[in-house]
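Chemist: Compute the structure for the input listed below.
(one chain, ligands or ions: 2)
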Amino acid sequence: MNSHSAFDPENRHSAYIQFERDEWSDLRDNVKLTLSEDDIKQLQGINESLSMQEVIDIYLPLSRLLNLYVEARQYRHTVRDKFLNSHNEKVPYIIGIAGSVAVGKSTSARILQALLSRWPEHPKVALVTTDGFLRPNKELVARNLMHKKGFPESFDIKALIDFVSAIKSGQEKVTAPVYSHLTYDIMTNKSLQVEQPDIVILEGLNVLQTAASTEADQSHRTFVSDFVDFSIFVDAETDLLKTWYIQRFLKFREGAFTDPNAYFHSYSKMSKREAVAIASKIWDEINGVNLEENIRPTRDRANLILKKSTNHQVSQVQLRK
Ligand SMILES: Nc1ncnc2c1ncn2[C@@H]1O[C@H](COP(=O)(O)OP(=O)(O)O)[C@@H](O)[C@H]1O
Ligand SMILES: CC(C)(COP(=O)(O)O)[C@@H](O)C(=O)NCCC(=O)O
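Modeler: Ligands and ions are numbered 1, 2, ... in the order given. Got it, this is the predicted structure:
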């Protein structure tokens, strides 16, 4: 069996084992991992620009690793129950996905949801995004925080922690609010029910954050990540992130923003140049600042880091030792 170069003495001070893209993708050869026609159809439905080679090289090995972690946790619980001579209800395994706005958290989360559901041991995989715990616009306006959407103080972090702790205490049905990118606000007529799935993928900017978001929160010392079993940080160079943000904005401008109910409907009537200038300004003043101040500093708390390069291709994977 090959030992990985990351175990070389010169890498011993790093908290992570580092894999270049081809080293990581070689890991899928350890077990036969393939995609069926149906899988491919489902994955292409997630995102038309998603390359199947990317799924095969990066996300299939990752789903195998996660499957092993979930199995190990299930086994640990069996051991605990044997020791306590008790039987406890199953508790979902929580996978957290953090990273900048527009890095591809929600796309990665949906790919992993599709791939993990294929493993025979845990077919039910729920997906939750922490956007749902943003304070409604009315409240953000009252607190003068509309220009700080996505910053720690724009979230109702206590409600988010209550939500994840309810899942982890085995509660049968847990409800989360839902955010709409179309109305740019929390939906008043929709919520998400989580009913004891085997795995919950929790995706959001703030999954690994530990700072108290308001003064009132200073006293609580519980973090979302305390309830997360395995965390992933998706990273890329800032220039690329800005480009991906602008590209997504332009895609929205041609699609969702054309809906008269869209918060940014007026942007659909602007020239492409004007739209690029606005997206660039929103990035520079809000999302870029949030990345540097609040999101990237949480990267090194993750169990696994996916480093993306051009075209959303993962160039490097780091796995905590
Ligand atoms: N693996 C990928 N391949 C191609 N495009 C991607 C990939 N991941 C994300 N994207 C694109 O990048 C943009 C941001 O992705 P998204 O998942 O919405 O990010 P986030 O949830 O982090 O804000 C979207 O336009 C999406 O289509
Ligand atoms: C709602 C968000 C904070 C969530 O981020 P995402 O799910 O896109 O990663 C973000 O999309 C956002 O609206 N940021 C505020 C500035 C803006 O882009 O309009």
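Chemist: what about whichever strand in the chain runs longest and ligand 2, any contact?
Modeler: The longest strand of the chain (DSSP state E) is strand 185-194. No. Counting by Cβ under 6 Å from any ligand atom, ligand 2 is not contacted by strand 185-194; separation bottoms out at 9.9 Å. For the C-beta atoms, the positions are set from N, CA and C on the backbone; glycine is no exception.
Chemist: One more: stretch 248-267?
Modeler: No. Stretch 248-267 lies out of reach of ligand 2 by Cβ under 6 Å from any ligand atom, never closer than 7.7 Å.
Chemist: Would you mind listing the outside residues contacting the least confident helix or strand in the chain by mean pLDDT?
Modeler: Least confident helix or strand, the chain: helix 37-46 with a mean of 85, by mean pLDDT, DSSP states H and E. Here helix 37-46 makes contact (Cβ atoms under 8 Å, 6 or more residues apart in numbering) with 35, 50, 52, 55, 107, 110-111, 114-115, 118.
Chemist: what do you get for stretch 238-246?
Modeler: Contacts of stretch 238-246 (Cβ under 8 Å, 6+ apart): 100-104, 236, 276, 279-280, 282-283, 287-288, 291-292, 308-310, 312.
Chemist: Spatially nearest residue to the residue in the stretch 151-300 of the chain that ligand 1 sits nearest to, not counting backbone neighbours?
Modeler: Using Cβ to the nearest ligand atom, the single residue of the stretch 151-300 of the chain nearest to ligand 1 is Arg248, 3.7 Å away. The shortest distance from Arg248 to any residue other than its chain neighbours is 5.6 Å, reached at Ala102 (Cβ to Cβ, 6 or more residues apart in numbering).
Chemist: The one you found: what's it in contact with?
Modeler: If you count contacts by Cβ under 8 Å, 6+ apart, then Ala102 has 241, 244-245, 248, 287 around it.
Chemist: Flag every residue of the chain that's near ligand 1.
Modeler: 47, 49-50, 54, 99, 101-107, 244, 247-248, 251, 312.
Chemist: Kindly indicate whether the closest residue to ligand 2 within the chain is helix, strand or coil.
Modeler: For the chain and ligand 2, the shortest gap (Cβ to the nearest ligand atom) falls at Gly150, measuring 3.0 Å. The local conformation at Gly150, judged by DSSP: H, G, I helix; E, B strand; the rest coil, is coil.
Chemist: In this structure it contacts Leu291, no?
Modeler: No. In this structure, Gly150 is not within contact of Leu291 by Cβ atoms under 8 Å, at 9.3 Å.
Chemist: Separate out the buried members of the contacts of Ala102.
Modeler: Among the contacts of Ala102, the ones that count as buried by 16 or more other Cβ atoms under 10 Å are 241, 244-245, 287.
Chemist: among those residues, which two are most distant?
Modeler: Greatest spacing in the buried ones among the contacts of Ala102, by Cβ to Cβ: Trp244 and Asn287 (10.7 Å).
Chemist: what about stretch 144-155, how long is it end to end?
Modeler: 13 Å (Cα to Cα, to the nearest Å).
Chemist: Grab the nearest non-local neighbour of Glu71.
Modeler: Closest to Glu71 by Cβ to Cβ, 6+ apart is Glu121, at 6.6 Å.
Chemist: What number of residues are in the vicinity of that neighbour?
Modeler: When counting by other Cβ atoms under 10 Å, one arrives at 11 neighbours for Glu121.
Chemist: and it, which of the three is it?
Modeler: Assigned by three-state DSSP, the conformation of Glu121 is coil.
Chemist: before we move on, the earlier item: show only the entries of the contacts of stretch 238-246 found in helices.
Modeler: 276, 279-280, 282, 288 (DSSP state H).
Chemist: I'd like the residues you listed as a markdown table, with distance to ligand 2 appended.
Modeler: Shown next, in a markdown table, are the ones in helices among the contacts of stretch 238-246 (distance: Cβ to the nearest ligand atom, whole Å):
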| residue | distance to ligand 2 |
| --- | --- |
| Val276 | 14 |
| Ala279 | 8 |
| Ser280 | 11 |
| Ile282 | 5 |
| Gly288 | 10 |
